[in-house]
Every structure is written in C-alpha cells, then in structure tokens.
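# mind folding the following:
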Amino acid sequence: MAATPPKPAATTPRRKVSRHRGEGQWAMGHFTPLNGNEQTKKDDDGLNVRTRIETIYSKRGFDSIDPGDLRGRMRWWGLYTQRRQGIDGGKTAILEPEELDDSYFMLRVRIDGGALTTAQLRVIGEISQEFARGTADITDRQNVQYHWIRIEDVPEIWNRLEAVGLSTVTACGDTPRVMIGSPVAGIAEDEIIDGTPALEEMKRRVLNNPAYSNLPRKFKTAISGSPVQDVVHEINDVAFVGVEHPEHGPGFDLWVGGGLSTNPKLGVRLGAWVPLDEVPDVYEGVISIFRDYGYRRLRNRARLKFLVADWGAEKFRQVLEDEYLERKLTDGPAPAEPTTRWRDHIGVHRQKDGRYYVGFAPRVGRVDGTTLTKVADLAEAHGSGRVRTTVEQKMIILDVEEGRVDSLVESLEALDLSARPSTFRRGTMACTGIEFCKLAIVETKARGASLIDELERRLPDFDEPLTINLNGCPNACARIQTADIGLKGQLVLNDRGEQVEGYQVHLGGALGLEAGFGRKVRGLKVTAAELPDYVERVLKRYRAGREDGERFATWAARASEEDLS
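The predicted model follows:
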C-alpha cells in the first residue's frame with residue numbers, strides 16, 4: 001500500500017514567527033518598551049518634569065498635571081501623591097489610582113550619608129511648619145519626608161532647600177536613590193575607613209545625569225567604613241563595607257543584589273576588595289550593568305537582585321571587570337562580624353578627636369518641623385553645628401564637648417527625644433502606613449508609638465536588644481523580614497469574624513550577626529487590638545526559654561510554634 005502523500009504546503013497551518021522579546025535588556029538589543037512604565041520613561045526623561053512643575057503645574061494647580069507626570073515622572077523629583085483621607089485599607093487594591101490620589105504630595109528630601117548642618121536642618125524644619133502642616137518623618141534611609149505638600153509650593157520649597165545645599169532630585173523613581181552612609185563617618189574612634197570622599201564623588205557622577213536617570217527600577221546604595229556595619233549593606237543593590245586587607249590595608253568589600261519587598265534577597269559578596277579611590281569607578285560600573293542588563297519586561301522582576309540571582313556572583317564580577325572596568329579587581333577578605341548588636345549609634349560615644357556624639361530616638365521616626373528646629377538650636381548650643389540621621393529612623397548630634405553632654409541629654413529628653421531609650425523605643429520602626437501611603441492597608445506610625453508605650457509599661461525591665469518593625473503593606477519599606485519581630489500589615493478576622501486591621505508575623509530576622517529572614521509561623525496573624533498582648537506573651541516566653549546569652553532571633557528559630565503563637 002502506497003504511503004499517504006503529505007498535504008499540499010498551501011493548506012498546512014503556518015506558525016507565526018516573532019522575534020523573542022527577552023527581558024527588555026538594553027545590552028541584548030531590546031530597546032522597545034515592554035510596559036507602560038518603560039514607555040513613559042522613553043517618552044520623556046523624568047528629570048525634565050521639573051521645568052513643567054515650575055512653569056505650568058505650580059501656576060495652574062493640581063488639575064493641570066499630566067497623568068504621566070503625576071504618577072510617573074514627578075517621582076524623579078521626590079514627589080508622590082499621597083493617599084486621599086478616609087479610604088480604608090480594604091479599598092487599597094480595588095480603587096483606581098485616581099481614586100486613591102489626594103491633591104497633596106509626599107515630598108522626600110534626600111540626605112546622602114545622613115549628613116546635615118544645623119542651617120540645613122533649620123530650613124527643613126521651617127519648610128515643614130510653613131508648607132507641610134508640621135510633618136517631617138525621618139525614614140530608614142536617612143531621608144526626611146514631608147506630607148500635605150501643594151504643587152503650588154514646590155518651586156519655593158526647592159529654592160529654599162537648594163539655597164542650603166539640599167535637593168529632592170531622584171529621591172524616588174527608577175533612579176539612583178539616596179546614598180546611605182555611616183552617620184559617624186570620619187569621627188568614630190573605631191572606624192576602619194571614612195567613605196565620605198567616595199560618596200561625594202559618586203553623587204557628583206550620577207545625580208542629575210541623564211546617563212543614569214532611566215534605570216529598570218530604583219537603585220539603592222550604601223557605603224560605610226564602620227565596624228558596626230551601620231548601613232544595612234545586606235539589603236542594598238550595591239554596598240561597600242569597610243574591611244582591612246592583610247596586604248593593602250583599609251578598603252571596602254563589594255556586595256551586590258540585596259533587596260526586600262515581596263521577594264527578599266540578601267546581597268552577595270563578589271569577593272573583591274576596593275580601595276577608596278576606586279570606589280566611584282566600581283560603583284559606576286555596577287549601576288551601568290543594572291541599566292544595561294537589568295530586566296525591564298516585568299516590574300516585579302526589575303530590581304538588580306533578580307539579575308544577580310540569575311547570573312551568580314562569579315559572572316557578575318566577570319562582566320563588571322571585562323566590560324565596564326576593563327581590569328581585574330583585587331580579591332579581598334569578608335567583613336568581620338559587627339562589633340555590637342545595636343547598630344544605631346544611640347547614646348553617648350567618644351569621637352576620635354576626644355569630643356562626643358550623642359544619638360537619640362524619636363518615636364518610630366515621627367518628628368515635626370518645630371522639633372527639628374529645636375534640635376538645630378541644641379546642636380549649635382552644644383556642638384559644632386553638625387547633625388546626622390541614621391538608617392534606624394534616629395538622629396545624632398556631633399562634636400559635643402564632654403562638659404556639655406549631660407546638658408544636651410537632658411534637653412533632648414525635654415523634647416521627648418531620648419538618648420537613653422528603652423529597648424522598645426530604640427528598636428521599634430514603622431513605615432508611613434495608611435495615614436498617607438496609597439499602598440498601605442493598615443496604620444503603622446501611631447500604632448508603633450502606642451505599642452512602645454504599652455511594652456514599656458508591661459515589661460519595664462526588658463533590656464535585651466530587640467527590633468520590632470511595622471509595615472503597612474507587603475512591600476517591606478520598614479524591613480519586616482529582617483526584624484526580630486516583623487509585622488506585615490493586612491486585614492484579618494477577629495474573634496467575631498469581622499475584618500479588621502492586623503498583621504502577619506515574621507519572627508527571628510536579622511542583619512549583621514547571622515543575617516537572615518524571619519520565620520513565618522503557619523496561620524500566625526494578630527489583630528491590631530491584640531498586638532500588645534501578643535508581643536508581651538512571646539517576649540515572656542523568650543525570657544523563660546532562652547539559653548544564657550541567647551538572642552531572640554536564635555531562640556525564635558528553634559522555638560516551637562506553640563511558643564511563638
């Protein structure tokens with residue numbers, strides 16, 4: 001029997017041939033925008049929106065703002081619309097952006113390295129009082145955030161900030177965000193190396209530079225030569241950590257690919273030692289790799305951590321050396337373990353010049369313009385006029401003579417800014433929360449402050465280092481995965497079956513010593529009303545069941561689910 005002949009080619013279905021889009025990596029030739037955000041950036045550089053703000057929007061008002069600028073490019077100058085008042089957390093993921101938007105803005109002032117003069121701090125405080133209804137929160141990236149900002153006032157705010165050397169440029173957006181640095185750089189007695197010159201040169205090269213104003217997503221930078229490891233280097237896109245090389249002396253260990261949000265990853269070491277004068281070149285190489293090879297197809301995979309996870313440390317270092325530096329990096333040692341479990345510089349500490357610095361704690365980073373101007377007054381009266389912010393939502397006054405320390409500490413206490421805080425005040429951090437954030441589901445700032453008061457009353461003798469981080473949504477701005485007790489805001493059911501504000505609990509996270517992400521106990525959620533009872537209960541179990549000197553994180557990793565519930 002003869003074989004059946006094939007069908008004529010004309011009747012055979014033809015497969016559609018299309019060019020593979022890849023991940024939208026520029027270095028692979030994929031320049032066509034693959035989502036609306038990439039199209040918006042291609043249509044116009046976010047840096048250019050400033051001119052429209054100054055010449056059009058500030059004169060014609062909120063309703064004149066182009067949507068592409070309002071929810072996109074204005075972030076390049078530190079502006080986000082804030083949450084419309086009265087919208088509960090259950091509507092966060094349901095409403096359209098224009099329904100969530102208020103006609104007021106959050107404005108973020110970048111404070112690279114946390115370094116401020118009293119003149120700058122006083123201007124920040126005055127702007128808060130005049131334009132922001134007194135708001136001026138200290139963030140966990142050393143910035144200050146205002147709320148209630150009107151578009152009509154933005155040019156004047158910029159003028160005042162820039163007159164004292166401050167800026168909001170690329171404080172948000174798909175850009176190089178604020179560069180965090182050791183708040184005691186150049187003054188601490190135990191410092192390995194001062195990274196300030198490198199930080200200043202990195203800023204000079206990339207800020208306001210169109211070559212780096214269109215990155216796949218935000219890019220976070222840290223540098224510190226402190227043995228305390230005070231810049232949470234493990235969760236930055238790039239970090240330079242002070243180390244002593246056995247042959248070459250002090251320099252920096254290079255880390256890349258850290259980040260939290262809904263897919264947390266700790267940064268990885270490239271095994272490279274970088275001398276101070278080469279840090280800016282290496283930094284520029286890393287940020288250029290992100291720009292050129294970073295994934296631009298899906299926003300939720302566009303951070304550098306995903307590229308590093310796919311490539312691995314060896315390939316990333318090779319590309320950095322071969323394509324961007326055109327030379328080999330020097331192998332180097334890993335950083336030593338941090339010298340203290342507290343990395344916030346709270347309290348009184350001797351400087352290398354014999355004077356002292358005094359670190360103090362606002363409640364969950366919440367201050368106001370009047371308080372900041374008073375801090376400026378105290379820093380001038382007791383120090384040299386230098387102030388710092390930290391990545392733990394704290395502040396430091398530098399250069400205090402020994403005879404003025406006690407007076408300063410007492411004056412700070414009178415402002416409810418404690419240099420001798422309880423564990424709970426010292427270790428509790430909170431993001432912006434539902435009060436102003438359009439992504440939030442629950443309250444955080446006020447709840448964090450009330451939690452501190454309750455725990456101080458219930459456990460007055462608890463003095464172990466402990467971190468409690470409250471976040472209003474899953475995005476981890478308050479670093480919930482790396483806290484001893486991390487609280488991720490969500491709506492939960494109370495004992496009457498009603499949907500109320502509450503938190504998913506993460507336990508035993510840490511940075512620095514034994515860095516890792518917290519443990520989630522199956523089904524462990526607490527309502528906001530139950531929160532003080534829950535934290536009290538788990539801390540009492542920790543004290544009853546811990547071994548000598550055992551940290552909370554270590555205990556939480558081995559404790560039974562019953563003990564953690």
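
# any chance you could list what contacts stretch 552-565?
464, 466, 484-485, 505, 507-510, 514, 516, 518-519, 521-522, 524, 538-539, 541-542, 545-547 (C-beta atoms under 8 Å, 6 or more residues apart in numbering). Using the backbone N, CA and C atoms, a C-beta is placed for each residue, glycine as well.

# out of those residues, which are buried?
Neighbour counting with 16 or more other C-beta atoms under 10 Å marks 464, 466, 484-485, 505, 507-510, 518-519, 521, 524, 538-539, 541-542, 546 as buried within these.

# restricted to helices, list the residues you listed.
Among the buried ones among the contacts of stretch 552-565, the members found in helices (DSSP state H) are 538-539, 541-542.

# give me the phi and psi angles of residue 264.
With angles defined as degrees, to the nearest 10, residue 264 sits at phi -70, psi 140.

# which ones are touching it?
Neighbours of residue 264 in contact, by C-beta under 8 Å, 6+ apart: 235, 476, 481, 517.

# verify the stated contact: the last one with residue 506.
Yes - Residue 517 lies in contact with residue 506 (C-beta atoms under 8 Å); the separation is 7.4 Å.

# more neighbours, those two?
More crowded of residue 517 and residue 506, by other C-beta atoms under 10 Å: residue 506, with 25 against 18.

# which residues are in contact with the more buried one?
Residue 506 touches 480-481, 483, 485-488, 517-520, counting by C-beta under 8 Å, 6+ apart.

# does residue 192 lie in a helix or a strand, and which?
Using DSSP states H and E, residue 192 is not contained in any helix or strand.

# quick one: the helices in the stretch 101-250 of the chain?
Secondary structure of the stretch 101-250 of the chain (DSSP state H, counting those that start in this stretch): helices at 118-131, 154-163, 196-206.

# what of the stretch 301-450 of the chain?
304-311, 313-319, 369-382, 405-414, 423-427, 445-458.

# and the third one, how far out from the chain middle?
So that's helix 369-382. Distance of helix 369-382 from the chain centroid (C-alpha atoms, centre = their mean, to the nearest Å) equals 25 Å.

# got it, and the fourth one?
Centroid separation for helix 405-414 versus its chain: 29 Å, with C-alpha atoms, centre = their mean.

# please apply the same query to the second one.
Its chain's C-alpha centre and that of helix 313-319 lie 26 Å apart, by C-alpha atoms, centre = their mean.

# could I get stretch 109-123 in CSV with only the CA atoms?
Output of stretch 109-123 as CSV, limited to C-alpha atoms (Å, rounded to 0.1, in the frame of the first residue of the first chain):
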residue,chain,number,x,y,z
VAL,A,109,14.4,65.3,50.8
ARG,A,110,17.5,63.2,50.1
ILE,A,111,20.1,63.4,52.8
ASP,A,112,23.1,61.4,51.4
GLY,A,113,25.1,59.8,54.2
GLY,A,114,22.6,61.4,56.7
ALA,A,115,24.8,64.4,56.8
LEU,A,116,23.2,67.8,57.8
THR,A,117,24.3,71.1,59.1
THR,A,118,22.2,72.9,61.6
ALA,A,119,21.4,75.5,58.9
GLN,A,120,20.1,72.8,56.7
LEU,A,121,18.1,71.2,59.5
ARG,A,122,16.6,74.5,60.4
VAL,A,123,15.4,75.0,56.8
